[in-house]
Every structure is written in C-alpha cells, then in structure tokens.
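1. Give me coordinates for this.
(3 chains)
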Amino acid sequence: MINEDKISKILFLIREDHTNGYSQIPQKHYLGRILWSGLVSVLLLMVIIYTLPKTILSVSSLLEYSIIVSLVLFLMILLFRYFTILFMAYLYFNEYTFLTDNNYSPFVSIIVPVFNEGKVLK
Amino acid sequence: MLNLNYSNYEIIIVNDGSTDDTKAIAESMVGYHKGTVSQIKISLINKVNGGKSTALNAGIKYSDAEFVLCMDGDSQLSPDSLRFAVRHFKDAKIGAVAGNVKVVNRKKLLTDLQALEYIEGLNMARSAQSYLRAVNIIPGPIGLFRKKAIVDAGYYSRDTFAEDADLTLKILAADWNIYYEPRAISFTEAPSKLQQLLKQRYRWTRGIIQSIRKHKKLLINPTISFRNTAILWSMFYEALIWPTMNIAAHLFFIIAALFFGFSSLIIFWWIGLAILDFISALYCIITEKEESRLLPYTIVYRMFFILVIDICKAMSTIEEFLGIRMTWGKLERTGV
Amino acid sequence: MELITILSTIILIATISTFILSIGAYILYKVRSRREQRQILSPVVNTQAELVTVKEADEWEELRRKSGRPSLSRVQGEGVLNEREKPEPKPVIKVEKVKTEKSMSPRFVKYNPQEIENAVGELKWK
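-> Take a look at the predicted model:
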C-alpha cells in the first residue's frame, strides 16, 4: 500500500460507442406477433384436416406416426449431439500439446468491473 | 488476484457507480502491491453506473496492454490462470481465450448440480468448439482478449443482456479464432436459490437470443463464413430447439403414462438419459480432475435440473419473441 | 407391484412435480421482478469518470506533452479517453521471467494432466 499523496486523481470522459445492432422489440408488436402465430397455426390445422381424408391415415394413426417420428428424431439428435461433442472434446484434448521452455509473458491488464461488490473485492 | 504466477500484469478496477462503500474499498487498494512474482499496480476508474459492458469498455480503453483479461468482480482467478491462457496468443490468429469457470460455493444440491452443469454442459462443449478454434461464448468470469480483437469487434455492446456472448460472436465475425484453456480457472459464486438461478438463466437465454438476432445475417448466409453460420446454428439449437424438444419429450411421456397407460416408458427414458449423462460426466470429471462426488447427481441432472432450466429457457424465449421488457436482475452475492 | 411399475410411478410423480415447480417458480420470479421493474437502457452518452492511480501518471503526461499528443489529465468535461490515447511507455513494473518449474524434453508432448500440472509453455499443434 502506498501513501495518499502518491495517488493522483484525474477526471476524464469516456466516449460511449453507438451500437446499431439489436434493439428491444416495441411492446405494441405483441399482438401482431400473437395474431400471426395464431393464423399460421390455424392454416396448418386446416391443411391437415383438408388433406387427411385423401391419405390412408386416420387422425389417431397420424398422431401415432408423428409421435413415433418425433421421438426417433429426438433420440437421434440427442445421441448425435452428445457423441459429436464428446468426440470433438476428445480430439481437442488429444491435440493439446505444449513446449516447456517458453518465457512469453506480455503485459496484461486485468479489468475488474465492480458494482456494490466491495465485500467480495476485499 | 495478486497471487497470480505471472510477472507482467496490472489490475484496473472499474467501479460502475456503486452505491455502497465499494468506492472507498477500491480506493484503498490503489497503488503498488507485492504479487507472487512482481510488484502489481492497481488503478481504479470511478464512473457513473452504466452496466457491466460500459465498465469493461472503460477499463479496456484505459488499458495500455496488448492483452486484457476481463472478469467479474466476484470471481477469483486460480494462480496459474493467466500464464496458461496467455501463451495461446503466440498464435497470431487467436483473438481471445475462454477460461474454465468453476463453481466455488458447492455442497448444496442446487450449486452442486450447477457445478456438474458447468463441467459437463459448458466446459465439454467449449472443448469441442475449441477444436474448431471457435468457442461461441467466452464466459464473463474469465476471458482473455487480444485488445486488437476487441477493437475490431467494436468493444462490448450494451444492447444485449449477454454482452459476453455478443462480443464473442463479434470477434468470430471479425475472423479471429477463439480458444478454450481448461487450466485458466476462475471460481465463481453460483446462485444458491432457485429464484436467483431462474433470474440468471432468464438473462442468459434472452441475451443469447438477442445476440443471435444481432448476427442473423451470419445465421442465414453461410457464404459469408460457413464456420460462423455453423456456430450460430449450434447456439440457436442449444438455446431454442433443444429445450423445446426436451420439454415436448417429457410432456409426451407424462401424457403416455397418465392417459394411455404406458407408464413404464418413462422409466426407460430416464434410465437412457441417466446413462448418457453418467458417461459424459465421468469423462469430464476425469479430464478436469473434478470431484467424483458430483457423479451421483447425474441421476437427477437431466430429468429434473435440466428440465427446470429448459422450462425457464422456453418461457424466456416466448417473452423475447413477444418483446416483453426485461431488467438486468443482479444476483445478490454472499461473498463466499 | 413390480419394481419397474414402482419406479415408473416415482419418476412420473417427480417429473410432474418438477414441471409444476418450474412453472410456479418462474411465475413467482416474474411477479417479483415486475415489482423491481426499472428502466435499464439509458441513452448512449459520454460519461464522466475519475481515474485513481499512482503518480506515475504524471510522468506519462510529461511524455505525452513532449510527443505532442493530447493531454490525459484534463479539466472536467473536456477530454475524451479513448483507445490508444495513452502514451506508449507502460507503467514501471518490475518484470521478472515466469519461472518454469521443471525442464522437460523440448519435443511436443501429448496432453497429460498429470505430467503438465506444473508446466508452462508455448502451444504447438500437430
């Protein structure tokens, strides 16, 4: 710890960069979205009701088939996801190699943002 | 932070308009301090409250270093974290290195489950992504950046609620590579109450969706960068498709048991998931040399813990879709 | 009752309870957070800040003036701290080399957590 007189205090401005990316959707768009979703759902339902009698399927068999197909798909995706991640993680650990004689130590600033975290900072 | 086994670093504390005695505590820390290897300079920037992203930006802009390590105020770095992370920058294409976040406040059901989630769900995925040099989220508690990569990306933005995910995507979009270093460890306090956990996950989910939407050009156009399109689709899958599928599957088994009498289906489903999780958890615990006592939690992990998280994700997604306003919802830390 | 039936019943009840608990907790969270609702995004403006550091900053200032670059120590509301505005010299910090704990063969070594526990070095890819 150093003396108080060795500390300097400087006032300055921080220029905030304007970001033109995402902005929250206005609340008035709620209803529009709900209406659109509802309309699309009704349309889909009507297509099913209209086309179903023209196929060999009944309502109950359609449900059965769709559930079976969904579950099989779900299981396949689940297993594919797990084993892809596991395999790639294995490859990552396998390629993780190093040399020991290196003194590469560039200057690094550690930025610690705090907001009412004095007790943890201490 | 003074105990790092690294010689050449400084600490910049950015007080983001604290309303308690944080300013006085931080000011008392300014100066040179004896570190493990060398004298460490601590500086402080006091600014009006503007959110974590503005605080980090202030520190980054003030910093004169080629590399900056961004962390949370309530996180603790392991002594070797910096020296293990920094060496990846010998590769000039590496723009950032994601660290390994570990839960510090364990020995409670909820925090132990999160510890398992961090190891099995987050770190394993990061290892896999690291193989492609494309980690898609640099965690808030520890991320080491090449300053040029941050400048290229346009600094942290304040227009999403997952500024770390957003910056990561921007760095990837600027054609930098991102690596994961499992031995750059940061210990963080996980929410110990369900309400706090939901608050955290609500913010994460909406923040990630906001970040994806911000980069929707990359999502729909693989000709810009196929790697980035793949990354965004994997994020989209994890944030939206997977939770929906998981909830739907659970609902199906409940309905099948209650209304159609197929009650035994659910037990086979649960056994299958538990075995899958057990294998993954075992692999991760061995590779990360983690506590083996976390292994039994795999029994309840997928069926119950992840279900709670996924329901929260689904609800948050609906709210984001409907554009309901949200707040930051800061977690109360106990300083464990 | 068979074991599978008993287990199925337990899992079923637990799953339904988890569903109800999750939705209930979420609704409770929303109700609570609504009470503390506040405006989060203020307009993007330049904000004033105070830098508290050790006196070496003055030496930087001297160097900055000599090199003809704008001043960092500024009157309230005048200057803008932005990227690369600081002078080149870094704070005088005693720099020592990172100690390497044990010498190993310089050839590339496969990842083995046990072996590399205390090692440090440059990464190489196969």
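2. what stretches of the chain score poorly on pLDDT?
-> Because you didn't say which chain, this covers chain A. Where chain A drops to pLDDT under 70, the residues are A:1-6, A:15-30, A:97-102.
3. my question was about chain C
-> Within chain C, the ranges that satisfy pLDDT under 70 run C:1, C:35-46, C:55-126.
4. in the longest helix anywhere in it, what's buried?
-> Criterion DSSP state H: the longest helix present in chain C is helix C:3-35. Neighbour counts over helix C:3-35 (16 or more other CB atoms under 10 Å in any protein chain shown) mark C:7-8, C:11-12, C:14-15, C:18-19, C:22, C:25-26, C:29, C:33 as buried. Where C-beta positions appear, they are placed from N, C-alpha and C, glycine not excepted.
5. ditto for stretch B:43-61
-> For stretch B:43-61, by 16+ other CB under 10 Å, it's B:43-47, B:50-61.
6. which secondary structure elements does the longest helix of chain C contact?
-> helix B:194-214, helix B:242-259, helix B:263-288, helix B:306-322 (3 or more CB pairs under 8 Å, 6 or more residues apart in numbering or on different chains; DSSP states H and E).
7. Let me see the contact set for B:Ser225.
-> By CB atoms under 8 Å, 6 or more residues apart in numbering or on different chains, B:Ser225 lies in contact with B:172-173, B:175, B:218.
8. which of these has the most neighbours?
-> The most crowded member of the contacts of B:Ser225, judged by other CB atoms under 10 Å in any protein chain shown, is B:Leu172 (26 neighbours).
9. what's near enough to touch that one?
-> So B:Leu172 contacts B:134, B:136, B:178, B:225, B:227-228, B:231 (CB under 8 Å, 6+ apart).
10. Swap in 7 Å and give it another go.
-> Going by CB atoms under 7 Å, 6 or more residues apart in numbering or on different chains, B:Leu172 touches B:134, B:178, B:228, B:231.
11. from the chain's centre, how far out does the helix or strand it falls within sit?
-> Taking DSSP states H and E as the criterion, B:Leu172 maps to helix B:163-173. Centroid separation for helix B:163-173 versus its chain: 12 Å, with CA atoms, centre = their mean, to the nearest Å.
12. To chain A, which of the helices and strands packed on helix C:3-35 lies closest?
-> helix B:194-214 (4.1 Å; CB to the nearest CB).
13. Any residue of the helix or strand just after that closest one touching chain A?
-> Next helix or strand after helix B:194-214 toward the C-terminus (DSSP H and E): helix B:216-220. No: shown here: helix B:216-220 not in contact with chain A (CB under 7 Å from any CB of the partner chain), separated by at least 9.3 Å.
14. top helix in chain A by residue count?
-> helix A:59-95.
15. which secondary structure elements does that one contact?
-> Packed against helix A:59-95 by the contact rule (3 or more CB pairs under 7 Å, 6 or more residues apart in numbering or on different chains; DSSP states H and E) you find helix B:124-131, helix B:242-259, helix B:263-288.
16. between it and helix B:124-131, what angle do the directions make?
-> 60 degrees (axes from the mean of the first three to the mean of the last three CA atoms, to 10 degrees).
17. Helix A:59-95 relative to helix B:263-288, how many degrees between them?
-> 10 degrees.
18. Measure how helix A:59-95 sits relative to helix B:242-259, angle-wise.
-> Helix A:59-95 and helix B:242-259 are oriented at 140 degrees to each other (the same axes, to 10 degrees).
19. Show me which residues of helix A:59-95 are buried.
-> Buried residues in helix A:59-95 (16+ other CB under 10 Å): A:71, A:74, A:78, A:85-86, A:88-89, A:92-93, A:95.
20. likewise stretch A:41-59?
-> A:Leu57.
21. circling back: contacting chain C as well, which ones from the buried residues of stretch B:43-61?
-> Counting by CB under 7 Å from any CB, B:43-47, B:50, B:58, B:61 from the buried residues of stretch B:43-61 sit close to chain C.
22. min pLDDT across those residues, which one?
-> In terms of pLDDT, B:Gly50 ranks lowest among these, with 82.
23. Give the full set of residues in contact with it.
-> Contacts of B:Gly50 by CB under 7 Å, 6+ apart are B:16, C:47.
24. Just confirm it is within a helix.
-> No: per DSSP: H, G, I helix; E, B strand; the rest coil, B:Gly50 lies outside any helix segment and is coil.
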